[in-house]
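J.: next one to model:
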Amino acid sequence: MNKISIFMVLVLMTFSAVSQAEKVLTRELITSFQKISEQWEALEVNFPELSSLEDSDLNQPDKIIAQLKNSKAYPQIQSLLAQYGFSNIEEYYDVAMRVMGGLMNHQMKSMPQGVDIESMAQMLKQNIAQMKASNAPNGMVVELEKQLMDMEKNMQKMKEAMQSATAADKQFFAENVEWVMSVLGEQ
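T.: Residues are numbered from 1 along each chain as shown. From the prediction side, this is the model:
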């Protein structure tokens, strides 16, 4: 490959990444996202390996996307994406993270002052420590510790999703949150 070809490939890759990341959230896009999500549940019935992706680390989108591309369901996934206007699975994943992040950002704003993700985990840790100090039944303590681990895992996912929301995404949710909740709540 000559230098010009390499340069063109890099420019196209950069343009593709930038244009993909800047796809503005709209009601039409959210509706398309919701329709795919709705049909995704039907795919999970025929392709149970898709259900296991829910436990995936959101910090590793390349791994998640590779698993999807390697699944037997991928031809149907590609068809759904095309049907609802998504160019590829990466674009859909980007929108999914931004939708989740936008919703999380909005929900965190409605929490009482001083209550955030970290403070909720801290309260649970304090409850566990108090239960241990008061010799509470071991089964109860173990169950709370399990809840704490799950909560911390979910909190990390929430933080990652919140970080993926752009200023424009946050504005979209501020203006459309009730509508988005009604559309996504139909699933």
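J.: after the strand or helix carrying M108, which helix or strand is next?
T.: Using DSSP states H and E, the element containing M108 is helix 89-109. Under the assignment DSSP H and E, the closest C-terminal helix or strand after helix 89-109 is helix 117-133.
J.: just want the angle from that following helix to helix 89-109.
T.: Using axes from the mean of the first three to the mean of the last three CA atoms, to 10 degrees, the direction of helix 117-133 lies 70 degrees away from that of helix 89-109.
J.: could you list every helix and strand in contact with helix 117-133?
T.: Applying 3 or more CB pairs under 8 Å, 6 or more residues apart in numbering; DSSP states H and E, one finds that helix 117-133 contacts helix 138-164. For every residue, glycine as well, the C-beta is placed using N, CA and C.
J.: returning to what we had before: just the CA atoms of the helix holding M108, as CSV, please.
T.: Taking Å, rounded to 0.1, in the frame of the first residue of the first chain, the C-alpha atoms of helix 89-109 are listed here in CSV:
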residue,chain,number,x,y,z
ILE,A,89,-24.0,-3.3,15.1
GLU,A,90,-21.4,-0.7,16.3
GLU,A,91,-23.9,2.1,15.6
TYR,A,92,-26.7,0.3,17.4
TYR,A,93,-24.4,-0.4,20.4
ASP,A,94,-23.4,3.3,20.5
VAL,A,95,-27.0,4.4,20.5
ALA,A,96,-27.9,1.8,23.2
MET,A,97,-25.1,3.1,25.5
ARG,A,98,-26.2,6.7,24.9
VAL,A,99,-29.8,5.9,25.6
MET,A,100,-28.9,4.1,28.8
GLY,A,101,-26.5,6.9,29.8
GLY,A,102,-29.1,9.6,29.1
LEU,A,103,-31.7,7.8,31.2
MET,A,104,-29.3,7.3,34.0
ASN,A,105,-28.2,10.9,34.0
HIS,A,106,-31.8,12.1,34.1
GLN,A,107,-32.7,9.7,36.9
MET,A,108,-29.7,10.7,39.0
LYS,A,109,-30.8,14.3,38.7
